[in-house]
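*Asks:* Sequence below, structure please.
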Amino acid sequence: VPPEATAVIRSEHARTDANGHLHAQGDVVQGQDIRPRGQECRSGDQLLPAGTPVTPAVLGLAAAAGYDELLTVPRPRVEVLVLGDELLTEGRPHDGLIRDALGPMIGPWLRTLGAEIVATRRIADDAGALYRAVTRSTADLVITTGGTASGPVDHVHPVLHKAGAELLVDGVTVRPGHPMLLAGLAPGRHLVGLPGNPLAAVSGLLTLAEPLLRALAGRRAPQPYRVPVRDEIPGHPSDTRLVPFVHRAERLVPLHFSGPAMLRGIAAADGLAVVPPGGALPGAELEVLDLPWTAAVEGGCFT
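*Replies:* From the prediction side, this is the model:
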């Protein structure tokens, strides 16, 4: 728009006379259809805070503002080690062998949380093999599945001790998922040990792996919130329970199949409800851990 212009007339609202002069049809208001400079932002404004995920809309805003490049935090690199001699990768369970449910699930889940998966590898119940895999990994985060308890083939704790790792979290008062652990391998490198039971592993993904990945990627923590529960939920006598739920009419509806080895409930769930020791009565407001499917991280984050 020329600097001296006071309004813009759309062609469908104008007519041309016999002399070729353009005339508006109806009244013209000063400033009509002119977008003034600085309407959306001014020089020096912060368009978005640090830690904002780089979504397609953010890319469009950056381009509109004249940016050719953005300084971002790279995705954390994660290596997944699936432990256990009893795991099958195909076919039905048989003869004491069970299907590996975590190998197919962990990598895509972590990608949804903004991680770059460098490898998903099977490791036998062998302390030496696990030690080599952990100490030779160059990933920012190593995820192990199973082996975090104290059975004869649970090698995670001895391997971490031998590797000189710093044990930061060694078990939690949460069901399912109480044997989960977090260890520091080296400056900037960590290991999250998930329990072998599938729903227990999901608990560890949401309560240990997700916050750690968020910190590594420079993302802000979501605001916690509470929602009333529709039905009574039995609780553990002393530990917190995490129970799959769905949203129904602004209420949390707990789902069945919420045992530590079960995935049927979480596969249909919107998230996990945090149930205090002793349980929750109908109408009690419970904290919610949302599943990340509707908030997938599409890119890095501003530094």
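
*Asks:* can we go C-alpha only for contacts and neighbour counts from here?
*Replies:* OK.

*Asks:* which residues of this protein score low on pLDDT?
*Replies:* For the chain, the stretches flagged by pLDDT under 70 are 1, 294-303.

*Asks:* what residue is smack in the middle of it?
*Replies:* Most central residue of the chain, judged by C-alpha distance to the mean C-alpha position with CA atoms, centre = their mean, is Leu113 at 3.2 Å.

*Asks:* Quickly note the distance from that one to Leu97.
*Replies:* With the distance defined as CA to CA, to the nearest Å, Leu113 ends up 30 Å from Leu97.

*Asks:* how does the protein divide into domains?
*Replies:* 73-221, 226-291 (automatic domain parsing).

*Asks:* Output the ones you listed as TSV; include the columns distance to Leu22.
*Replies:* Below are the domains of the chain laid out as TSV (distance: least, CA to CA, whole Å):
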stretch	distance to Leu22
domain 73-221	54
domain 226-291	57
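
*Asks:* centre of the chain versus stretch 64-76, how much separation?
*Replies:* 21 Å (CA atoms, centre = their mean, to the nearest Å).

*Asks:* and the end-to-end length of that stretch?
*Replies:* End-to-end distance for stretch 64-76: 29 Å, by CA to CA.

*Asks:* swap in stretch 80-89?
*Replies:* Across stretch 80-89, the terminal residues are separated by 15 Å (CA to CA).

*Asks:* residues of that stretch that come out buried?
*Replies:* Burial within stretch 80-89, assessed by neighbour count using 16 or more other CA atoms under 10 Å, is assigned to Val80, Leu81, Val82, Leu83, Gly84, Leu87.

*Asks:* all helices of the stretch 51-200 of the chain, in order?
*Replies:* 56-64, 102-112, 127-136, 156-162, 198-204 (DSSP state H, counting those that start in this stretch).

*Asks:* I figured Asp154 was touching Thr145, is that so?
*Replies:* No - with contact taken as CA atoms under 8 Å, Asp154 and Thr145 are classed as non-touching, separated by 10.6 Å.

*Asks:* so what sits against both of those two?
*Replies:* Residues touching both Asp154 and Thr145 do not exist when contact is defined as CA atoms under 8 Å, 6 or more residues apart in numbering.

*Asks:* Looking at these two, which has the bigger crowd around it?
*Replies:* Set Asp154 next to Thr145 and count neighbours by other CA atoms under 10 Å: Thr145 wins out with 25 against 18.

*Asks:* Tell me what the more buried one is bridged to.
*Replies:* Using DSSP bridges, the beta-bridge partners of Thr145 come out as Val82, Leu194.

*Asks:* Make JSON lines out of the helices of the stretch 51-200 of the chain and add mean neighbour count and distance to Gly235.
*Replies:* Below are these laid out as JSON lines (neighbours: other CA atoms under 10 Å; distance: least, CA to CA, whole Å):
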{"stretch": "helix 56-64", "mean neighbour count": "13", "distance to Gly235": "42"}
{"stretch": "helix 102-112", "mean neighbour count": "18", "distance to Gly235": "26"}
{"stretch": "helix 127-136", "mean neighbour count": "16", "distance to Gly235": "36"}
{"stretch": "helix 156-162", "mean neighbour count": "17", "distance to Gly235": "29"}
{"stretch": "helix 198-204", "mean neighbour count": "26", "distance to Gly235": "16"}
